[in-house]
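Visitor: build the 3D model from these lines:
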Amino acid sequence: MAQVFGCTVPRSDATESGQGKSMVDACLANHVPLFIWSSLPSSADLAVGGGNFQLLDQKSEVNTYLKVSGQPAVTLFTGAFTENLFSQRQIVYNAPGRWEIRYLIAPGHMRQPFSYIRKDMGAVAVVIIRHWSDARWQEKLTEKPIPTCSYKITGDDLAKTISEITGSTVTLPVGKITKMWTMAVKYWNYDDSIPPKILVDLGVRFHSFEDFVREARRS
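Guide: I've put the predicted structure just below:
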């Protein structure tokens with residue numbers, strides 16, 4: 001029986017918690033030996049006061065469901081997706097040779113965790129599957145959710161890196177304080193080493209933001 005990698009589709013007819021629970025149920029019904037679940041911590045896990053965040057809490061409902069389900073699983077916590085810079089229009093063209101980053105959930109000087117999904121997530125899934133039959137690694141991989149982030153970088157350094165590689169002028173304007181900003185500044189910053197040591201030890205070679213910019217420039 002094949003292993004299953006689970007990720008949800010946001011802003012769809014089915015909630016992300018509903019999608020995730022359905023995947024767990026399907027894995028159980030089909031005796032799947034390993035479910036790799038791409039998730040996020042809950043706002044409670046991050047000790048966020050003053051309300052919940054659907055972005056976090058719908059996925060975290062599945063984390064709780066998974067723990068009591070009996071389904072063998074590895075849970076991966078992601079950071080901001082590197083690819084969102086283009087897919088979510090977080091960088092916009094202003095004039096010839098001038099761009100502006102509009103990723104404003106945290107101050108420009110704050111280091112934030114990012115996951116380079118296209119380059120790194122597949123490699124992570126492969127090494128987990130390859131080592132799953134080793135009881136020692138299985139115990140380590142299921143001990144707690146793994147912060148599967150490729151690197152940490154500040155917003156200011158995002159702009160600086162793009163400028164240095166492309167020769168363009170890239171700016172990061174000061175954003176206004178929002179609920180998401182407050183949450184990111186106070187709480188969302190994984191304590192574990194980034195990239196995570198357990199996955200580096202398994203042989204994953206994580207990529208950097210510089211790698212992303214250079215590849216984007218070539219394409």
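Visitor: how about the contacts made by P145?
Guide: Going by CB atoms under 8 Å, 6 or more residues apart in numbering, P145 touches 39, 41, 63, 75-77. Placement of C-beta: from N, CA and C, glycine included.
Visitor: skip the chain neighbours and tell me the closest residue to the most centrally placed residue in the chain.
Guide: With distances taken as CA atoms, centre = their mean, T78 lies nearest the centre of the chain, 2.1 Å away. Closest residue to T78 apart from its sequence neighbours, by CB to CB, 6 or more residues apart in numbering: S115 at 4.3 Å.
Visitor: give the contact list for that neighbour.
Guide: Contacts of S115 (CB under 8 Å, 6+ apart): 78-82, 121, 148-150.
Visitor: now, the most widely separated pair of those residues?
Guide: By the measure CB to CB, A80 and M121 form the most distant pair in the contacts of S115, at 13.5 Å.
Visitor: quick one: buried residues of stretch 164-171?
Guide: 165, 170 (16 or more other CB atoms under 10 Å).
Visitor: which stretches of the chain form strands?
Guide: Using DSSP state E, the strands of the chain run over residues 4-6, 35-39, 73-77, 80-81, 91-95, 98-101, 111-115, 146-147, 151-154, 169-171.
Visitor: need those in JSON lines with mean pLDDT and distance to Q19, can you?
Guide: Compiled in JSON lines, the strands of the chain are given as follows (pLDDT from 0 to 100; distance: least, CB to CB, whole Å):
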{"stretch": "strand 4-6", "mean pLDDT": "96", "distance to Q19": "8"}
{"stretch": "strand 35-39", "mean pLDDT": "97", "distance to Q19": "11"}
{"stretch": "strand 73-77", "mean pLDDT": "96", "distance to Q19": "15"}
{"stretch": "strand 80-81", "mean pLDDT": "90", "distance to Q19": "18"}
{"stretch": "strand 91-95", "mean pLDDT": "91", "distance to Q19": "29"}
{"stretch": "strand 98-101", "mean pLDDT": "92", "distance to Q19": "30"}
{"stretch": "strand 111-115", "mean pLDDT": "90", "distance to Q19": "19"}
{"stretch": "strand 146-147", "mean pLDDT": "94", "distance to Q19": "21"}
{"stretch": "strand 151-154", "mean pLDDT": "92", "distance to Q19": "28"}
{"stretch": "strand 169-171", "mean pLDDT": "94", "distance to Q19": "36"}
